[in-house]
Each structure stands twice: as structure tokens, then as C-alpha cells.
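In: Can you look at this prediction? I've put the sequence above it.
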Protein chains: 4
Amino acid sequence: MADAIGIGMVGYKFMGKAHSNAWRQVTPFFEPALRPELKVVCGRDREKVEKMARRWGWERVVTDWRQVVEAPDVQIVDICSPNNTHCEIAVAALEAGKIVSCEKPLARDTAEAEKMAEAARRSGKINTVWFNYRRVPAIAFAKQLIEEGRIGRVFHFRALYLQDWTLDASVPLLWRMDKDVAGSGVTGDLLAHIVDISNFLMDQSITSVAGTSRVFVGERERPEGGRAKVEIEDAAVFVCQYSGGAIGHFEATRFANGRKNANTFEINGEFGSLYFNLEDMSRLWYFDSLEPKHVQGWRELRVWEECHPYMKHWWVPGCAIGYEHTFTNQAADLLEAIHLGKPMQPDFDDGLRCQRVCDAVLEACGSQGWVNVKSGEGAVNA
Amino acid sequence: MADAIGIGMVGYKFMGKAHSNAWRQVTPFFEPALRPELKVVCGRDREKVEKMARRWGWERVVTDWRQVVEAPDVQIVDICSPNNTHCEIAVAALEAGKIVSCEKPLARDTAEAEKMAEAARRSGKINTVWFNYRRVPAIAFAKQLIEEGRIGRVFHFRALYLQDWTLDASVPLLWRMDKDVAGSGVTGDLLAHIVDISNFLMDQSITSVAGTSRVFVGERERPEGGRAKVEIEDAAVFVCQYSGGAIGHFEATRFANGRKNANTFEINGEFGSLYFNLEDMSRLWYFDSLEPKHVQGWRELRVWEECHPYMKHWWVPGCAIGYEHTFTNQAADLLEAIHLGKPMQPDFDDGLRCQRVCDAVLEACGSQGWVNVKSGEGAVNA
Amino acid sequence: MADAIGIGMVGYKFMGKAHSNAWRQVTPFFEPALRPELKVVCGRDREKVEKMARRWGWERVVTDWRQVVEAPDVQIVDICSPNNTHCEIAVAALEAGKIVSCEKPLARDTAEAEKMAEAARRSGKINTVWFNYRRVPAIAFAKQLIEEGRIGRVFHFRALYLQDWTLDASVPLLWRMDKDVAGSGVTGDLLAHIVDISNFLMDQSITSVAGTSRVFVGERERPEGGRAKVEIEDAAVFVCQYSGGAIGHFEATRFANGRKNANTFEINGEFGSLYFNLEDMSRLWYFDSLEPKHVQGWRELRVWEECHPYMKHWWVPGCAIGYEHTFTNQAADLLEAIHLGKPMQPDFDDGLRCQRVCDAVLEACGSQGWVNVKSGEGAVNA
Amino acid sequence: MADAIGIGMVGYKFMGKAHSNAWRQVTPFFEPALRPELKVVCGRDREKVEKMARRWGWERVVTDWRQVVEAPDVQIVDICSPNNTHCEIAVAALEAGKIVSCEKPLARDTAEAEKMAEAARRSGKINTVWFNYRRVPAIAFAKQLIEEGRIGRVFHFRALYLQDWTLDASVPLLWRMDKDVAGSGVTGDLLAHIVDISNFLMDQSITSVAGTSRVFVGERERPEGGRAKVEIEDAAVFVCQYSGGAIGHFEATRFANGRKNANTFEINGEFGSLYFNLEDMSRLWYFDSLEPKHVQGWRELRVWEECHPYMKHWWVPGCAIGYEHTFTNQAADLLEAIHLGKPMQPDFDDGLRCQRVCDAVLEACGSQGWVNVKSGEGAVNA
């Protein structure tokens, strides 16, 4: 029988639901050596948190995150609360000797992220950021194909993250649009994901960026009433240079009418290319230019065979998994890393590395030129 | 707080896993008025069932299905065991006053299915067959579009169910290939699904069929050793006539190299058309010929908005669900029907209606002509 | 400088335009050893034919096809007139020692087709039927992949030809819907194409068929005024058995709302599969099950490289050709065959072989059972 | 009978073939009021030009372009020679009172383009640049949908032009890679096309750009022997700001393995979006957010109906046209403009406007910041 490991979660809304489901589902599907127990969930509105806890099977409820950090039955502190809370909670939890898993973006800015990465290094505890898309089987498989040498020297990386849900000017100013809480707009919310995918897949680092951003709807209703100026960017686009000579461009927006979750990337290399779109998450498109010329073509790999990452834990070939499973896959890997005492990725250094690119983008969007990405701990090829 | 309802499940392998997950997940995602409790699971190999029960949270284990049927804490008997067991268990459960949910195909043949449908009618209890694909949001939504009058008089229905997993002659003779256990090959396994989709979506019944079938690999290893003649069909194809004048064709095979779960249908009507492929389960393609000519085109409906069937219970737009969720959706509808005392569909009469078409197909494949589908209880437009 | 060869064309409407363009374009693009000269075009309405001749560069006009057959400067008699004229003209032209290229279907029925094939054999002259889709580069390339052994033993063939242009009941009764002129409806017009593709690609023959057909709009306006009963089929669907054990199904209809030119086929074999759709005519989808499992996938072959059939005569990779080029490709092959004294395919025997399947389908659609395809000259594996 | 108009063409290689075909085919397909006569073709290698002239039906051959410009039977001087010749020939032809149609890019740089646009304005003669993709029916149709108000205020424009043919380091240094002849690399060759599409479709101008470019293969064989440094860019990527507040990004490369002719654009506006890819040139994808929510979806418009731009001149619905037809469409429009004395677009001012963006991109790629696009004659919203 597997040993138990106690989870304490801070935050209980959309991401709280996604994480709760992951902690629930990892046990039957992965049979991990460490079996998560949903000990305590924390939120400021006791009534709402209690309802959520009953629904998802959390044992008890607290309204002060310090009670999670200090709980003796909690080994993993799982942070799903808004961005402005990440730094303080994570540092405290690490200092209390906890394993910390923190929603992305790691922080509101590089300064916070550096504090967190430093605390993580100091603690020596396993730590991770929920860049869950690394665990989309098709993306994990892209990594494998790259490591098999199937792409070779990379010339181009291009990535989009397109949504359209704030196009409607009557959408209120939710926390994701509140600068104090979120830190930034699409940069932290969407660009962070695709920058992390670049960091994950490319053996080159983004070294400098130039770009521009826009606020298309300048004022919105506050959920609590009254109108407020929108201070975060609705859209951002940048070009970049990579440490190994590749060039790239990235775009994130919530104003791409008709695009719901179009998190896409394409890598073009000397031996082949890869293309992915999260709106078709079981597919990875692969072009192999080493094939005989007459049968070269983009191959539609359906990443749902037993031999593909994570898939042997789910159903049978041809049976798709969905959005939620990426979290369960990450929970499984975290439990495995803890059990084996192995490093877990992406960790806070990865979160910091991503944050540095995001901050360079924000700086570039407000300037007239190229901005270098800060190097240092967490930077590859620094 | 929701009332509890006890589940007793017979069978514990692939479908047992799918059903267990559905009973587990329906509570947090749908918050049903009746909360399922996983009381008892039954299988012949106690050790294996115990392992499965621990994994999925079943309270206790039995090795004789009669103990499920007779258990006072069980209100729903859920049958996931092989086809040759469905009739006896279902009839006993209905006679014991249980609600019965039975995996598809309902039975091995029409005679069994008639017995079961008759028992269901006699019992007056809610009963259902797990034709889970009716609960793919895109298929449920196809039904809605048809009911909105967007297709009109139907001329054509064509459906495929293509797989390739038995193409490899070294795949052993599993129970799905054993005539005594399964009753038939791809007819009960795959054709039954697409015939049920026709029954679900079309307001016309299949009245007569002509077709042919094949056994491509005539002999296989038995899992327990030794070789055996394959007596079920590896592939079957038929054309059909509908009660309202439409014509159709259907094909099911496990020898379509490269097709993993290609359960597809297309309906062509006077005002528009619909196309679906289970390998892209969040998509429904819709052609509307009432649009202005210059902007007519096949529309790629991504059935993942809150306004689409079942989707408000899951994540947010753009976040796909997968195979397993169709079972959870069906569990939710069954619990709702029980709670409200409403009929549940598909019921055993639907299972019987499908079985009659399947038996006509099997008869036609063995003859030189067209075969009429038997009418009677369970037949629409009889 | 290339030698000239004189063309005499009978018929001048849609197909006359397609053929005229082919004879015009073949010279600059293929630089054939025999350079076609557009000597004479024939039609019953002198004024219209003269207009057409000026437009397309025909040297002179006649109104009696015998003048084409007898013209000393005509070496190739090209027949594009309605189906009911094919037999008489072709036989006369062959007897006059001409090379004959005849639009498809070869004839209205098997009796006519036998006469024509017999006359062709007797004459010893090169003869061909314009089953132009054999010269879609992607289809010619499918043939090449099959001949390379990439598919192996074939289990399944399925083909559709779906259109929607007669769905509108106000479309008048054109010659293609007039039984006396066309011989049949979608069978000769559309099924003939996909049956010929099966004959071209499969090394197995269709030996027996069962099917059904429909007239959905029973009465239409005549172009010349007055209403008439529609006696040809608007749609037909059949299943079939192949000489080598494969099974197939075919469907042709002009009532598939939203499908304009969906001439599709799929072949599933032991080593791989192929899929094609004329609505995407530069693509051939190829699944290769001999690849390592993890990188197996449907490959989107864009058949526009220089190494692909016919493409070196056109533009550069990535520059698509269209519908009309299939005729030019066929004209080029015919001129080459004449120049080299090689056989040309498809010839009248191929046209007859196709006609026999079509007649079996029509007979099956009017009966209650399976119908064997007549064998004999022109039948493969008879 | 249509009046004749004499064509004199300078250049005879790939583009010479494309133009010759257009001048040949426009007559039967469009029946223009002015019928082009292929009077004279010019090239430096008399033997090769004579061969080409025979093949395509040009009446005579010259080796000095001045003989074309001065020929009394030439009304249209059609320039298909390399970029470094455009300016001198076009200015001379305009000064000689000829109509001029010039291949794109209009010139090697803005200075040349200004001279040419100035000469065109001075001459008062009709003039045009062969940005032939404006005449892809799907792109012309995109313009129509925008003008129907179906997109509204535009937020985003993104465009790619991806090829892979110079990835192979053994491809020699053709004129398109020679800086003196071509002026630039992918900027003039590929970016110019997509910048022109932006200029055509957007009612906003590109006002400033930031970007980067790369030479991935630094040295190549000269066709005439010997190795040479590659001085033009293999790839370039830039972000931009539009006069109306939209933001965009563009990329052109010949190093995108697997992409052959991926000239794509996407426009996201307040009421809808459009997407196009030249590799699927008959398709335009359209998302209409004014539809009822549940049936919103990307619509695959097949731009091959009679009601779509240019299509009534070609075949019937469902019969695709290809690459070459875009030139014929442009020839038809030019002949019509001349006949009616109407302005023709794109004209030299459009060519200049495009050149200014290209030059800004080249300047930005060599600098560390944003570069404003020069305004003036030919600039919209200047």
C-alpha cells in the first residue's frame, strides 16, 4: 500500500478545481507510490471554501494561508491563489520546510520570482510551477522527438496564444485584468505559457526581444461595481533572438475572435519540423525531411498510443484525454519525484527564467527598442 | 446535502474502470441530487477484484453477481461484464426491483434483448444501455440542431466505425473475438454504436439491409494457449433503406490500418448537413444551405462552449474533455432521471431496437439478399 | 520541331471546353513529340459551334459528326457529346481508322460498351476513355505507392462521389437527367468515376454487388418547357465483394448538401492505407504501419513536387494545379502513347469493365439481392 | 470581335512562363474586349529566348529591351526580368507612352520605386505591379467580406510566408540570392507579397516596425562556379504597429522545413475573423461572432462558386483552379481597366507603398529599435 502525503491548497476557484481534480484522479490512474491526501484547503470566504471542500473531498478548511503552511499533516503546499499572493506564501512554505507547487506565472515580476527561486534553492526542497502544458502528452512527446535528434539545428520558433474572451467590452475587470493582483495581462497569463514551452523544447535561450502591446478596451466595470481603467495589456506581440542563432516571434491576445485556446508552436529545424495547437491537443504534426522526397509530408501523430508519454495510464489508443489530465500528469510526476528524491521540472528556476523573458517583453513594449533578457541563476546558456 | 444511491457493479475490467471513474467524477462535477455510493463490485477472480476495488474506492467485493442483485444497499445494478452475461444478470436485477444500467450491446442477439426489454417493461424500473456516445457533447448537440429544424428531410446517412487493432495476426483471441461470449464481432462491438447513433439522430428507422462481412485472420492464439478458429466477423459493411425514404450505408472493421477510433457519421438533409468523427470528438461540422450562397461553408463547431450540452459542468471554453467524460455525462443523466422519475434514454427498448438491426445485418451477411429488420416493441415507425 | 497530329472533336459544351483547353495547353507545357492541331469541331447548332471554335481556336466547324470521322486531316476523333452518341460515333471512327478518345462513361450500357470495345480491338488503333481522374497527380501517385508495395494485401476499399447541385428541385431536367440520353443518373455520371478508380488502383476486381438507389425529386421542368418524370437515379449506394477477398462500398449522390465534388477513396491494406478527396486534389493521405509505432501517423503528402507524376511539367513545388490539368495530363499521355506506339490506358476495355460494374449496380438496385458482375473481355481476374 | 492589344515582354524564365500562360489563357476564358497579341519577347540569350518564344507563341524575339519599349505594335510592356532591371525599363517604357505591368517587387529599394511611381504619375498611363495574390479568388473574396462590414474594427493582422527550398546548403546562389540583382532576400521576394496583402485588405497602414533577420547559410556556390558570400537575408521576422491601433507580425523564410508555399494571413476584428493559406488556395476560413453563440464556428468557405470573384470565368463549383490562374485573373483585370479607362490596382503607388515597408524592415533588422515607415505619395493615412 502506498504511503500517504498530505496536500494543503491555497486558493479554491478555477485552478483550485483543476488541482483538486488532479490530486483526486492521480491515485486510481497512476497508483503513485505516494498517495495524496487532501488535508486542507484555504480561502478567505469560509462559506464558499467549505462548499468547495465538500465538493472535492478536502478534509478541512482554513481562511488564513499561514495555517496551511504550518500544518504538520501537510507536506505539499499547493498555491492556486492569484499571482500577488504567490511570493509570500511560497517563501513562507519553503521556509517551513514544505514542498511547494505554485500556479504559473511564478510571480508578478522578476524581483518576486528571484526571491522565490532563492528561497527554493536555500530550502533544498522539491518545488515546481504548474506550467501544466509541459505535460500535454503531445508536447512531452515533441520534447522526446527533439531529443531523438529528429529536428537538428533549429532556425525558427513561433508561438501564439490566442483567445477571445475579453473582446466583449462588458466582461468585467476580473482579477486577471487587475494590475496589482495579476502583475500583467496576457504576458503573465498567456505569454508565460508559450515562453515556458520554448524554454522546455528549445536548447537555445531567448536573449533579446522587441515588441508592442495594446489595451483595446480601456475601461471596464469592476465586479464589485464602478468603472475602472484597465492597466494591463489585452494583447502583446514580440520578436526575439535566441542564443543559438534562431529567431522567433510570439503573440498573446484575448482579442482574436474565434480563437478560444489556440496555444500553438512551430519549430523548424534542419532535419524536420513540429507543429502543435492546444485546440487539438492530441495531435502533433511532424515533418521529417530525411524521408525519401516523394513520401515527405506533415505527419499527423495522434499522441494517444501506449508508447506515448503518460498515455499508458489512461485509456486505450484512440480514446482522447483532455485539459484536466495535464494537471493529473503533473501531479503524478511530482509525487514520483518526491518519492525518488529526484529533481522536478519545471521548478522555480524555470519559473524565474520565464519571468525574466516576460519582464523583458513588458519593458520592450514600453520602449522603442530591443531589450536584453536578464541572465543569472535560472538562465540557460547565460 | 444530496441523498445517496448505492451502486453495485458487475465486471471490473476496461469498462469497469470507465464506469467507476464516471461514478466517482459525477459528484464533484455535476453535484447530482442523488450522490452515488460505490457499494460493491463483482468479479470472478477475488484477488483482482479486490485490487480494483481498492484502486477505485468500491466498499466491498463479491464474486457472485447474485450478491450484487440481492444487496439491499444497492439501488443501481451496473453491468460491465461480457455480453454473454448481460441477459441473465439484467433480468434478475430487474426482477429484484433494481434500476439496471447495462453495457452495450444489450445482448448477444435479439432473443436475449427481447427478454431483457420485456423484463424492463414488466419491472417499471428505470433502465439504460451504455451507448455512451449519445453523450458526446457534439453528438447530443447534433440532435439539438436536428430538432431545431436545421437539417430538414434527410436523404442520406452514412456511418463508419473503423479501428485497426486486430490487424496484427498475433493479437490473441480475446473475449471480444469469442463468438460464445461476444455473440458477434464488429457487429455488436462497433456497428451497434453507429446503428444506435442513427436511431438516436434519425427520425426514420432502418427497415432493410444488405451487406457482407469478412474474417481476415481465420485462426488466433487463445490467451490461455492453443490456437482457435475465429468465428466472429473482423469487418462488416451494409447498405440500408430507411422508413422515410433515406438510404444509408454503414461499415465497421478492425482492419482499417491507421484508423484508431474513427466512429463517424454524416447526415445530408434538405436544409443542411452534419459530420462527426469520434477521433475529433469536440468538433461537429455543420453545413447550412440556408445561408447566403457566397458565405455557405462547412462550419467547424467546437462543442466546448457553456451553451453546449454538458459543457457547463466541465471547464471553460476551449478546454477539451475526452473519452471518459461521456460516461460521466451518462451517469449524471441517469441520476437525474431517477431523481425526477423521468424516463432515461437509451433504454432497453433502444437496446433491442439496435439489436434487431444488428441481427438483420448478420443474417444479410450470410445470405444473398436484403433482409427486413424485425419490427415490434422497440421499433419506431413499426 | 514536333510533328503535327489533327484533332477532330464532337461536342462543344462543358467537356468540349475542358478538352479544347487540354489540346491547347499540352503543347507549351509538355512539348509533346506530336503537336495537336485543332482541326475541326462538330455540333448541331452551327452558330454556337462557330462561336466556340473562334474562342478556342478550332480551324473549322461542321454540324454532322460523320464529317469529323471522315476528315483526312483528323487523326484523333475526340468524343465529348452526350452519352447516347458515343457508341455510333466511336465505332464509325474506329472503322474509319481513327484513334478515338471518348468521354466517360464509355456508353449507356454494357451492350453498347461491348460493341465499342470490340470495334476498338478489331481496329487495332489506340483508344482511350476520359476517366481523367486517373491523371490527378495524387491518384497516379497512389498507384505508384501501391506498386511500390506500400499497402500490401488490401482489406477495404470505400469510395464516395458526393455532390449537391440537383438538390434544388427547380434545377431543370438537363440531359444528364434524361434517361434516353444519359442512360443512367449518378451511376454513369459519378459512380463510373469511382468504379474506374477502384479498377485502376486495386489488383482485385469487383465481382458482385448489392445496393439501392433513389429518385428524390420525381418530376422536373424540361429546359424546353413542360414538366417531365425523372427516370434516372439521384443517388445510389452499393456494397461489393472483390475477387481477392476485400470488401467495399460505394456511394454517389447529387443530394449531399454541402459536398460539391467529394470524390473520395480510402484503401486499407496490411502495411498501410491511402485516402484521397478530389475537393483537396493536391493531397494524398498515407498511413505507413511499418514505421516505428511512436511516429506512425497519417502523412499529408502534397503531391506537388517535381518527383510526383506530371508535376515537373507544371510550376514549382507548392504551386497547385487544378481540375483542368487532369485533362491536359491525359492528352499528353495519349500523344506519347501514339508517338511511341504504346498502349494507352484507360482504354475501351477499361471503359467496358467499368460499365459492367455499373450495370450490375443498376440491376442490383432494382432487385432484392446480390448481382454478379459479368466477366469476359475487359474483366480482370475473370 | 475584340480589338487586339500588343504585348511586349522582357524576361522569359519562370515568370515569363507564368505571364505567357496568362496572356494566352485570358482570351478563351475571359473573352476580353481587348485581345492580347504576343508580339515580342526579350532576353539576352537569343537561342533560349527563341525556344521559349516558339513554345509560348510569341511572334518575334529581341535581345535588347529597348526594342520592346520602342516597338510600335506593343502597347503593354510586361516586365518579368530580375529586380535590378525593373526601374530602368519601366521608366523608359512609361516615357515611351506604354502601359507597364511590372513583376513584384516593384524595385530593389524605395529610391528606385519612387522614381518609377513618379514616372507612372507623370505618364498618366495605366500601370500595375504583379502582386498576383490579390487575384487569388479567396483573397479577393476576403476583401469583399471586409467591405461588407463583416470584420469591423481590426485588432490583429498576422502573416507568414514560409518556404524551405534554400535550406539545402547545396542550392546555388541564384539571382534571387544575389544582393545586387535582387536587392534583398526574403524581404523583396516573400515579405513584399504579404505586406501587399496587408495593404490590400487592411484599412490601416503599417506605421512602424521592429524586427530581425538571419543568413543561415553564409556562403554558396555560384551557378557559374566558385563560392560567394550570401549577402541577402534567408529569413526575416518583424512586429508592427498600424495607423488605426492594430498590431501585427510578419515572417518570411526559406528555412521552414516542410512549408512549401505557406503564404498565410489572419485578421481578427470585432465582428469576425478571416484566415487564409496559399497552400490551400481555394479555402477562406471565416469566423462570424454575430451568429448565435451555439452555432458559431470557423466556416470553411470553398471559394469556387460562380458568385465568388473570378470563378464564373473558369469551371463549375467544386472544380479548383491553381497557381497560374491568379496571373490570368490579373491579366483580365488589366485588359478591362485599359478598355474602360479605369484605374488598375495594384499600381506603382501600391508597389512603392509596399517598398517603403520593406525598406523599413530591412533598416529595423540592422538596428536596435523601431523604424518608422516613410510616408508620402503612395502612403495611405499618411
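Out: Done, it's in. Source: prediction; values computed, not measured. Numbering: from 1, shown residues only, chains lettered A, B, ... in the order given.

In: any chance you could map the strands in the stretch 201-350 of chain A?
Out: Remark: strands assigned in the stretch 201-350 of chain A by DSSP state E, counting those that start in this stretch are A:206-214, A:219-221, A:227-229, A:235-242, A:247-253, A:262-269, A:272-277, A:283-288, A:298-302.

In: Next up, the contacts around A:Leu290.
Out: For A:Leu290, the contacting residues are A:271-272, by CB atoms under 8 Å, 6 or more residues apart in numbering or on different chains. Every residue, glycine included, has its C-beta placed from N, CA and C.

In: sorry, back to before: got CSV for the strands of the stretch 201-350 of chain A, with mean pLDDT too?
Out: What follows is those, written out as CSV (pLDDT from 0 to 100):
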stretch, mean pLDDT
strand A:206-214, 98
strand A:219-221, 96
strand A:227-229, 95
strand A:235-242, 98
strand A:247-253, 98
strand A:262-269, 98
strand A:272-277, 98
strand A:283-288, 98
strand A:298-302, 98
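
In: okay if I get those as CSV plus distance to chain C?
Out: Shown next, in CSV, are these (distance: least, CB to the nearest CB, whole Å):
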stretch, distance to chain C
strand A:206-214, 29
strand A:219-221, 40
strand A:227-229, 46
strand A:235-242, 25
strand A:247-253, 22
strand A:262-269, 15
strand A:272-277, 10
strand A:283-288, 7
strand A:298-302, 4
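
In: which one of the ones you listed lies closest to chain D?
Out: strand A:283-288 (3.1 Å; CB to the nearest CB).

In: anything in the closest one near chain D?
Out: Yes: Strand A:283-288 reaches chain D (CB under 8 Å from any CB of the partner chain) through A:Phe287.

In: Excluding chain neighbours, what is closest to the most centrally placed residue in chain A?
Out: The centre of chain A sits closest to A:Phe131, judged by CA atoms, centre = their mean, with a distance of 2.1 Å. Among residues not flanking A:Phe131 along the chain, A:Asp196 sits closest, at 4.3 Å (CB to CB, 6 or more residues apart in numbering or on different chains).

In: residues touching the residue nearest to A:Trp314 when sequence neighbours are not counted, list them.
Out: Nearest residue to A:Trp314, sequence neighbours excluded (CB to CB, 6+ apart): A:Ile321, at 5.2 Å. When the contact criterion is CB under 8 Å, 6+ apart, the partners of A:Ile321 are A:137, A:282, A:304, A:311, A:314-315, B:322-324.

In: of those, closest to D:Arg214?
Out: A:Pro137 (32.3 Å; CB to CB).

In: The closest one touches A:Met311, doesn't it?
Out: Yes: in terms of CB atoms under 8 Å, A:Pro137 counts as a neighbour of A:Met311; the distance is 5.7 Å.

In: domain ranges for chain A?
Out: A:3-132, A:135-372 (automatic domain parsing).

In: A:Ala33 reaches A:Ile5, doesn't it?
Out: No: judged on CB under 8 Å, A:Ala33 makes no contact with A:Ile5 at a distance of 9.6 Å.

In: ok, then the element right after the worst-scoring helix or strand of chain A on mean pLDDT?
Out: Ranked by mean pLDDT, DSSP states H and E, the weakest helix or strand in chain A is helix A:179-182, scoring a mean of 92. The helix or strand immediately downstream of helix A:179-182 is helix A:186, counting by DSSP states H and E.

In: which residues touch that next one?
Out: A:161, A:213, A:232-236, A:252-254.

In: again, 6 Å this time
Out: Residues outside helix A:186 that contact it (CB atoms under 6 Å, 6 or more residues apart in numbering or on different chains) are A:233, A:236, A:252.

In: and chain A, which of its residues are near chain B?
Out: Contact residues, chain A versus chain B (CB under 6 Å from any CB of the partner chain): A:28, A:55-56, A:260-261, A:315, A:317-323.

In: Just these: which are in helices?
Out: Counting by DSSP state H, the part of these found in helices is A:28, A:55-56.

In: Most neighbours among those residues, which one is it?
Out: Most neighbours among those, by other CB atoms under 10 Å in any protein chain shown: A:Trp56, with 20 neighbours.

In: Skipping its backbone neighbours, what lies nearest that one in space?
Out: In space, A:Trp56 is closest to A:Ser20, 3.9 Å off (CB to CB, 6+ apart).

In: now swap in A:Glu363 and tell me
Out: A:Val371 (4.8 Å).

In: Could you list everything that neighbour pairs with in the sheet?
Out: According to DSSP bridges, the partner residues bridging A:Val371 are A:Val209.

In: confidence score at A:Ala382?
Out: The model reports A:Ala382 with a pLDDT of 31.

In: My error: substitute A:Glu377 in the last question.
Out: 50.

In: would you turn the strands of the stretch 201-350 of chain A into CSV with mean neighbour count and distance to B:Gly149?
Out: Converted to CSV, the strands of the stretch 201-350 of chain A look like this (neighbours: other CB atoms under 10 Å in any protein chain shown; distance: least, CB to CB, whole Å):
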stretch, mean neighbour count, distance to B:Gly149
strand A:206-214, 25, 42
strand A:219-221, 15, 38
strand A:227-229, 12, 42
strand A:235-242, 26, 40
strand A:247-253, 28, 37
strand A:262-269, 23, 32
strand A:272-277, 24, 34
strand A:283-288, 23, 34
strand A:298-302, 22, 36
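
In: okay if I get those as CSV plus distance to D:Arg227?
Out: Shown next, in CSV, are the strands of the stretch 201-350 of chain A (distance: least, CB to CB, whole Å):
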stretch, distance to D:Arg227
strand A:206-214, 30
strand A:219-221, 60
strand A:227-229, 60
strand A:235-242, 27
strand A:247-253, 25
strand A:262-269, 25
strand A:272-277, 27
strand A:283-288, 29
strand A:298-302, 34
